[in-house]
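Student: pasting the sequence and the predicted coordinates here, then a few questions.
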2 protein chains.
Amino acid sequence: MATPRAATRSGVKDKGGTGGTPPVPQRLMAAATRLFSERGYDRTSVQEIVEAAGVTKGALYHYFGSKDDLLHEIYGRLLRRQKERLDAYADADEPVEQRLRRAAADVVVTTIDNLDDAKIFFRSMHQLSPEKQKQVRAERRLYHERFRDLVEEGQRSGVFNADTPPDLVVDYHFGSVHHLSHWYRPDGKLTPQQVADHLADLLLRALRP
Amino acid sequence: MATPRAATRSGVKDKGGTGGTPPVPQRLMAAATRLFSERGYDRTSVQEIVEAAGVTKGALYHYFGSKDDLLHEIYGRLLRRQKERLDAYADADEPVEQRLRRAAADVVVTTIDNLDDAKIFFRSMHQLSPEKQKQVRAERRLYHERFRDLVEEGQRSGVFNADTPPDLVVDYHFGSVHHLSHWYRPDGKLTPQQVADHLADLLLRALRP
DNA sequence: CATGACATACCGACTGGTTAGTCTGCCGCA
DNA sequence: TGCGGCAGACTAACCAGTCGGTATGTCATG
C-alpha cells in the first residue's frame, strides 16, 4: 500500500469555496494526468508534476505514497467511472441488443471525453508495481465479464450470432475503444457521439445472426 | 538521423557461418525487442541490452547511433514486414471480400507471431524522437490507406455496407489487432489462425450489406 | 477568553543511486 | 600498416524519495 500518509479519497475541504482553485490533491491528479498522457509516465518527473500543480514535492508526498501511487489513483478513477456507467446500462430494463448497443456506445463517448486517461491506461500499465497491476487487472476483468455477459445473453437467446466466442467479441470491441486515443482528434470531422454510434453499429452488425 | 556510424541494414558477414550465433547487430535487435516488450523502453537500460546480447556498450554504439535508433530499427523492421504482406494480398486476383478477408486475417496471424513487436509498437511510439515518430507515422499511414482502399472498393461495388466511413472501419479492425498483445496468450485455447479467422469473420460480418 | 498541546498541510534543500553516451585503446585481419 | 570491430572505464546529468522545518488551525482547559 506504499504507506500513504493521508487518505486521498477522504474529504478535503476546499477552502477556496465554489469557484476557487481545486484542492491540492485534485490539482496534482489533473497535472499528472495531463503530463503522463503527453510525455509518458517515466518521462515525467515528480518535479514537473508539482510545478504544474503549483506546489512542491512536500505536498505530493503528503497526499500520495509515491509517484506510482499517483498513477494508481488515475487508474482507480477511470475504472470506477467506467464500471458505474456500464452497470447502469447493463441493468436497464430493455432488450439485450439495446442494452449492449447503449453500453458499447457509451464507453466510446466517455473514453473520448477522457482521452488522456485512455492514453495512459494501456501505455503505462506496466509501470505500475506488480501488486497494483494485479489489482487493476482484477477490476478490469470484472468490467470485461459484465460486458461479456451481455453478449452471451444475446447469443443464448438467439438475437446474436453465436459463431464467435463472447470473450473474443468483447476484446474486439475494446480493441477499437482502446485504439481511439491513437487516432481520434477532437478537431476532426466526427463528433464523439457519431464515432460512438458508428462503432456500436459495427459491433451490432457483426453480431447479427 | 542521429549519426549512425555504420549502416544497420547493410550486409554484415556472419563469421559464425550458418548455424552459428547471429551477427552482433541482429543479436542486439533481438535482445532489445525482448527487453523492451517485457519492461518497456525507458525501464530497459542500455547496459541490460548489451549484456543480454553478450557484448558491451562499445558494440551497440558502433552499430546504432543511440538507444532511440535501436527502437526505430525495430519499428522499421515491423513496418516493412507488414507492408510487404498486405501488398501481396491486396494485389491478388480475387474478389474484394476475399482479398480483405485474407489481409485482415493475415495481419492477425503475423501480429501474434511477433507479439513482442506489437507490444512495443503502440506502447513506445512516444519515446521515439519527434522526427522518427513522424517518419513512422507516415509509413503507418500508407499501410492504413492501402487497407482502407480495399474497404472503399467493396463499398463502392456494393458488396460491403457503406454506412460506416472506411477509415473508421480500418481503425476498428486495427484496434482489435493492436489489442491482441494485451490479451492473447500462446498457451490459451485458440490458435493464432483460429483467432485470425474469428476476427476476420467479425469484420466481414460487420460489413455485410 | 487566553493558553498551551497537538495535528495538518505544506516547503525545499539534500542524498544516494542510476543512466545514456563518450572516449581511449586493444586486437585480429587484409 | 591501417582499419573495422569491439571492450570497458568514465562523466555529467538527472531524479525519486527523505527529512527537518514552518505556518496555520483546532481543541480542551483553567
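Tutor: Structure received. Quick caveat, the model's predicted, so the values are computed rather than measured.

Student: residue numbers of chain A in contact with DNA strand C?
Tutor: For chain A, the contact set with DNA strand C under CB under 7 Å from any atom of the strand comprises A:6, A:12, A:23-24, A:50, A:55-59, A:61-63. Glycine gets a C-beta too; all of them are placed from N, C-alpha and C.

Student: measure residue A:38 to residue A:29 for me?
Tutor: Distance, residue A:38 to residue A:29, using CB to CB, to the nearest Å: 15 Å.

Student: got the buried residues for stretch A:107-122?
Tutor: Using 16 or more other CB atoms under 10 Å in any protein chain shown as the test for burial, stretch A:107-122 gives A:107-112, A:114-122.

Student: got the domain boundaries for chain A?
Tutor: A:24-63, A:67-207 (automatic domain parsing).

Student: any part of the last one near chain B?
Tutor: Read that as domain A:67-207. Yes: residues of domain A:67-207 contacting chain B under CB under 8 Å from any CB of the partner chain: A:122-123, A:126-127, A:161, A:163-165, A:168-169, A:171-172, A:174-180, A:182-183, A:190, A:195, A:198-199, A:201-203, A:205-207.

Student: narrow those to those in strands?
Tutor: Nothing among those maps onto strands, per DSSP state E.

Student: tell me which of those residues fall in helices.
Tutor: A:122-123, A:168-169, A:171-172, A:174-180, A:182-183, A:195, A:198-199, A:201-203, A:205-207 (DSSP state H).

Student: can you name the residue of chain A nearest DNA strand C?
Tutor: Closest residue of chain A to DNA strand C, CB to the nearest atom of the strand: residue A:58 (1.8 Å).

Student: what about that residue, which helix or strand?
Tutor: helix A:57-63 (DSSP states H and E).

Student: residues of that helix that come out buried?
Tutor: A:59-61, A:63.

Student: close to DNA strand D, is it?
Tutor: Yes: against DNA strand D, helix A:57-63 shows contacts by CB under 7 Å from any atom of the strand at A:57-58, A:61.

Student: show me how far that helix is from its chain's centre.
Tutor: Helix A:57-63 sits 25 Å away from the centroid of its parent chain (CA atoms, centre = their mean, to the nearest Å).

Student: any idea which helix or strand comes after it?
Tutor: Using DSSP H and E, the helix or strand that directly follows helix A:57-63 along the chain is helix A:67-90.

Student: which strands or helices does that next one pack on?
Tutor: If you count contacts as 3 or more CB pairs under 8 Å, 6 or more residues apart in numbering or on different chains; DSSP states H and E, helix A:67-90 packs onto helix A:24-39, helix A:96-113, helix A:115-123, helix A:130-156.

Student: try it again at 6 Å.
Tutor: Under the contact criterion of 3 or more CB pairs under 6 Å, 6 or more residues apart in numbering or on different chains; DSSP states H and E, helix A:67-90 touches helix A:96-113, helix A:130-156.

Student: dead centre of chain A: give me the residue that sits there.
Tutor: residue A:78 (3.6 Å; CA atoms, centre = their mean).

Student: skipping adjacent residues, who's closest to that one in space?
Tutor: Excluding the flanking residues, the one nearest residue A:78 by CB to CB, 6 or more residues apart in numbering or on different chains is residue A:117, at 4.6 Å.

Student: same check, this time on residue A:179
Tutor: Nearest one to residue A:179, counting by CB to CB, 6+ apart, is residue B:175 at 3.1 Å.

Student: is it true that the one you found touches residue A:176?
Tutor: Yes: under the criterion of CB atoms under 6 Å, residue B:175 makes contact with residue A:176 at 3.5 Å.

Student: compare the two and say which is more crowded by neighbours.
Tutor: Shown here are residue B:175 and residue A:176; by other CB atoms under 10 Å in any protein chain shown, residue A:176 has more neighbours (26 against 22).

Student: how many neighbours does residue A:174 have?
Tutor: 22.

Student: can you tell me how far it is from residue B:66?
Tutor: For residue A:174, the distance to residue B:66 equals 35 Å [CB to CB].

Student: for chain A, what lies in contact range of DNA strand D?
Tutor: Contacts of chain A with DNA strand D, taken as CB under 7 Å from any atom of the strand, map to A:44-47, A:57-58, A:61, A:66-68.

Student: one more time with 10 Å
Tutor: Residues of chain A found near DNA strand D (CB under 10 Å from any atom of the strand) are A:2-3, A:5, A:13, A:15, A:39, A:41-50, A:56-62, A:64-71, A:129.

Student: buried among the residues you listed? Make that a PyMOL selection.
Tutor: Restricted to buried positions by 16+ other CB under 10 Å, the PyMOL selection for the residues of chain A next to DNA strand D reads:
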select buried, chain A and resi 41+44+49+50+59+60+61+64+65+67+69+70+71
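
Student: quick check: residue A:104 touching residue A:203?
Tutor: Yes: counting by CB under 6 Å, residue A:104 does reach residue A:203; the two are 5.2 Å apart.

Student: among those two, which residue is more densely surrounded?
Tutor: Taking neighbours as other CB under 10 Å, residue A:104 and residue A:203 compare with residue A:104 leading, 27 against 23.

Student: how far away is the more buried one from residue B:184?
Tutor: Residue A:104 is 22 Å from residue B:184, where distance means CB to CB.

Student: next, count neighbours for the closest residue in space to residue A:85 that isn't next to it in sequence.
Tutor: Nearest residue to residue A:85 in three dimensions, chain neighbours excluded: residue A:106, at 5.7 Å (CB to CB, 6+ apart). Neighbour count for residue A:106, taken as other CB under 10 Å: 17.

Student: same thing with residue A:21?
Tutor: 12.

Student: Three-state assignment for it, please.
Tutor: With DSSP: H, G, I helix; E, B strand; the rest coil as the basis, residue A:21 sits in coil.

Student: ok, residue A:42 next?
Tutor: Using three-state DSSP, the structure places residue A:42 in coil.

Student: make JSON lines out of the buried residues of helix A:57-63 and add distance to residue B:146.
Tutor: Output for these, formatted as JSON lines (distance: CB to CB, whole Å):
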{"residue": "A:59", "distance to residue B:146": "51"}
{"residue": "A:60", "distance to residue B:146": "47"}
{"residue": "A:61", "distance to residue B:146": "51"}
{"residue": "A:63", "distance to residue B:146": "50"}
